[in-house]
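Student: Need coordinates for the below:
(chains A and B)
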Amino acid sequence: MPWAPLDAAAATRGVLTPSLLLELQRHAGNQRLQRALLQRQTDAGVPAAGVTEPPATEPPKPTFTFVKQSQQGERFDSEYVPAGPAPAVGELNINLWVHIAYSNFTRAMMRQPDFRGHRWTPEQLADFQWTDAERDAFETGFMTSVQGVWSGKHQLHLNDPDFSEYRCGVNVNVVSISEPGLAHMKITAQKVPRGAPRFRSFVSGDTATLDIRDPTEPETHRVFDRAVVAQIGPFDRDRAELTPPILGQVKSVVDEMRPLQSPTETDKILGKDTSVALRGRSSSPGSEAHNEQLGLNRAHAVEGEIASELGRSGVAADVLDSVGEKNAGEDPSFQRVDVSVRRMAPGSPDGRVDVTQNVAAHEAGHMFGLGDEYVDEKPGPDVVPKFFGDKPEHYGDVEALVGADAANELAVQDGGSLMSSGGDVKRGHYVYFVQALDQLTGKHWQVE
Amino acid sequence: MTGAPPVEQAPEGSYLASHFHDPHRRRDVWRVYHEDGRVEAFDGEEWWTVCTFTPEQVASAKEAVRRSGLLAASDVYADGAYDVARVSYAWRLDSKTGSVTNWAYPARKHPIFEALDERLDALEAEAGAGWSRL
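Tutor: Numbers count the residues shown, from 1 in each chain, chains lettered A, B, ... in the order given. Model (predicted):
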């Protein structure tokens, strides 16, 4: 008998004839048949009034059949324990294995640049050695701070039309081990006398050196809370005219600004709770004075267009300046205007807010594979500079795996992001966790 | 001294200056060796006088700079390290100016900086720098 495609949906709609049951069992198997019968029984008790045929029901979608999947990675190990389908929530466990070695402070370190300007006290000179209590506090603090800052910030979501819907939480675990060869990251914990400047912690490859206070004493920075961060350019060389491509970019930025505009505070481009800041730039050819003026002209041109687009022609931006060719090269990308909208913090004299950062958690971000997101215009000849509004080095991965919106949240600035100056774990910061989960499940997940 | 000297230049009237810049913490530390013997430091918040060299000690410090190899040294690069700071030494010596930068501090050390710092610190201790008496 020739095989004919089965209408499994029809079977669940209450038309299960004996011949159809036989066909379903033969071609789709007992499990599918049972699901169809179960679905039919469920539907049978709730006929829709005035409808002769109930609405179609999707056939059951495949589910994960394993109990657990795990894999080792260069930067961390990962393990997925499914629960579901949704609304149940499974678990992705990210396991970072670290080896911690403890380094005492020395008299020679007093000559190092970060300590050289410091005026030492007798108490500090007597405080060069790690104590057992300090070691315990460092290790416990590192584990709890990394776990606390990184775990559970976003849920992962599998929404594949051909597969059952799943959700998954993220747990980040730090495991301290005595064998450095087995560790993902070899950490040197640097003792620094209490009250002395902090050591400049860093991550390089699979090694890191952290200050004694990094896990337990957050650093505070004052930053602007920015609602909009954008670069508009490149302008034509030595010109400040708004060409059609530039006008298109201005319109996009205006679209972001419009929801922030107060309808009543018409003496400001947006309103008193926000500050529109424009900074003009130029590439390096030409004199410094000329390029500073050129940057200013560009900023004024963008200012006029933004004000006009927002129905506030003639109203000035709250902040407008030019840095000309400062730290710029010949690349046309410097022929631009940096645009930001700052949310002004109530009661703050300059509108900035205090953000805190757990430095151990920031450095853990590097251990997971992320780059920095703070501004560093002059990092040295072999490193890509990070100007305001630039794309950080993980941007491409985030854009590909998490999406453009999540990637754009990570634009370079001195702000509240954990990989900048603050403590916010953004959606895009889970990019390498998503990558691991994709590998573990063979499915592409989203970050919510 | 008030304000911050440029990164790559020793200020007028000085023969050597070092500058530590931490871009993550936005922290700057300077140390300036003046021709008149004053050694001044900026600790991130204020300037203070470390000590004052005698003319002989100024001559010794200059000689230490010449002998250190600093004037012919090369920059050290960051090489993929995250959160590193940079340390620059700039000189104004024998009618020449110049600077050398370690872009990877403390992930990488500049051997010439280390040796020069040791020699200058010995001179500062000799000149009665406050930190050396502790």
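
Student: Give me the longest helix you can find in chain B.
Tutor: Scanning chain B for the helix with the most residues, using DSSP state H, yields helix B:111-126.

Student: near chain A, anything from that helix?
Tutor: Yes. Using CB under 8 Å from any CB of the partner chain, we find that helix B:111-126 touches chain A at B:114, B:117, B:118, B:121. Just so you know, the C-beta spots here come from the backbone N, C-alpha and C atoms, and that holds for glycine as well.

Student: Now, of these, which are buried?
Tutor: B:117, B:121 (16 or more other CB atoms under 10 Å in any protein chain shown).

Student: got the residues of helix B:111-126 next to chain A as JSON lines, with pLDDT columns?
Tutor: Output for the residues of helix B:111-126 next to chain A, formatted as JSON lines (pLDDT from 0 to 100):
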{"residue": "B:114", "pLDDT": "89"}
{"residue": "B:117", "pLDDT": "91"}
{"residue": "B:118", "pLDDT": "90"}
{"residue": "B:121", "pLDDT": "90"}
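
Student: Just to be sure, residue B:62 is in a strand?
Tutor: No. Counting by DSSP: H, G, I helix; E, B strand; the rest coil, residue B:62 is not part of a strand but helix.

Student: All the strands of the stretch 51-200 of chain A, residue numbers only.
Tutor: A:69-71, A:77-81, A:89-103, A:156-158, A:166-176, A:185-190 (DSSP state E, counting those that start in this stretch).

Student: try chain B
Tutor: With DSSP state E applied, chain B shows strands at B:14-22, B:27-34, B:38-42, B:47-52, B:85-93, B:96-105, listed in chain order.

Student: How about the residue most central in space within chain B: what's its closest non-neighbour residue?
Tutor: The residue lying closest to the centre of chain B (CA atoms, centre = their mean) is residue B:18, at 2.6 Å. Distances taken as CB to CB, 6 or more residues apart in numbering or on different chains place residue B:31 nearest to residue B:18, at 4.8 Å, with adjacent residues excluded.

Student: What is the burial count for that neighbour?
Tutor: For residue B:31, the neighbour count with other CB atoms under 10 Å in any protein chain shown is 23.

Student: hang on, isn't it packed against residue B:10?
Tutor: No. Residue B:31 lies out of contact with residue B:10 (CB atoms under 8 Å); the separation is 10.8 Å.

Student: and the residue nearest to the centre of chain B, what does it touch?
Tutor: A:113, A:116, B:30, B:31, B:87, B:88, B:89, B:90, B:113 (CB atoms under 8 Å, 6 or more residues apart in numbering or on different chains).

Student: Can you name the residues that contact the second one?
Tutor: Residues in contact with residue A:116 (CB under 8 Å, 6+ apart) are A:110, B:18, B:20, B:29, B:31, B:41, B:117.

Student: cool, and residue A:356?
Tutor: Taking CB under 8 Å, 6+ apart, one finds A:218, A:219, A:220, A:221, A:422, A:423 in contact with residue A:356.

Student: what's the burial count for the second one?
Tutor: By that I understand residue A:219. There are 19 residues near residue A:219, going by other CB under 10 Å.

Student: So it is in contact with residue B:26, correct?
Tutor: No. In this structure residue A:219 lies outside contact range of residue B:26 using CB under 8 Å: 10.6 Å.
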